[in-house]
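**Q** here is my input, please return the structure:
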Amino acid sequence: MIKIVVLLLRVIFLTLPLTGIHFAEVYGMERETILIIDEAGFSRVCSAILEAEGYRAETILNESPETQAVCNEGVGLVITSYPYGSRFFDDLCRLSSPVIVLTDHISKELLSALEGFENSICMIKPLDYRKFTSLVKEMMTGTYARQGGYSIV
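**A** The predicted structure is shown next:
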């Protein structure tokens, strides 16, 4: 009997994303948007990974001429990269939402930009996607142990 219940729960949780229903909706959790600002290829991959985890993701391509969309309400987390998303950093500094900046190198300019964010984490590429999704979960639920300023992980 227990095996049947476990099997049914697995089927339900595996098929929910296919129906457009996410775990967060089933349990009444508020779904804030994760805003992804990067090049098209990474934005598609990142969006798919986060939506599979039950998050709502929106993308702004680095090539997009619109910057006002960055400051929308309901953004729970911003994921961007350096240097691709750096032209949006001034707008992002006005948000109180946490920011994850992905980069493959550390520079003086990047450290200066990170100091402008209220709450940010810099992740060095290549990404460990398991660690990345874990960090996103912690930041979206507010359980990330913030120590002030920025963190490099």
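
**Q** so where is this structure shaky, pLDDT-wise?
**A** Within the chain, the stretches with pLDDT under 70 are 1-31, 62-72, 146-148.

**Q** can we see that at 90?
**A** Within the chain, the set of residues satisfying pLDDT under 90 comprises 1-32, 59-75, 84-98, 116-120, 139, 141-153.

**Q** now the strands for it?
**A** 33-38, 56-61, 75-81, 99-103, 120-124, 150-152 (DSSP state E).

**Q** so can I have CSV of the ones you listed showing mean neighbour count?
**A** C-beta coordinates here come from the backbone N, C-alpha and C atoms, glycine included. Formatted as CSV, these follow (neighbours: other C-beta atoms under 10 Å):
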stretch, mean neighbour count
strand 33-38, 23
strand 56-61, 17
strand 75-81, 23
strand 99-103, 23
strand 120-124, 20
strand 150-152, 17
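
**Q** let me have these in CSV, adding distance to Lys131 as columns.
**A** As requested, those are arranged in CSV below (distance: least, C-beta to C-beta, whole Å):
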stretch, distance to Lys131
strand 33-38, 16
strand 56-61, 18
strand 75-81, 14
strand 99-103, 11
strand 120-124, 8
strand 150-152, 13
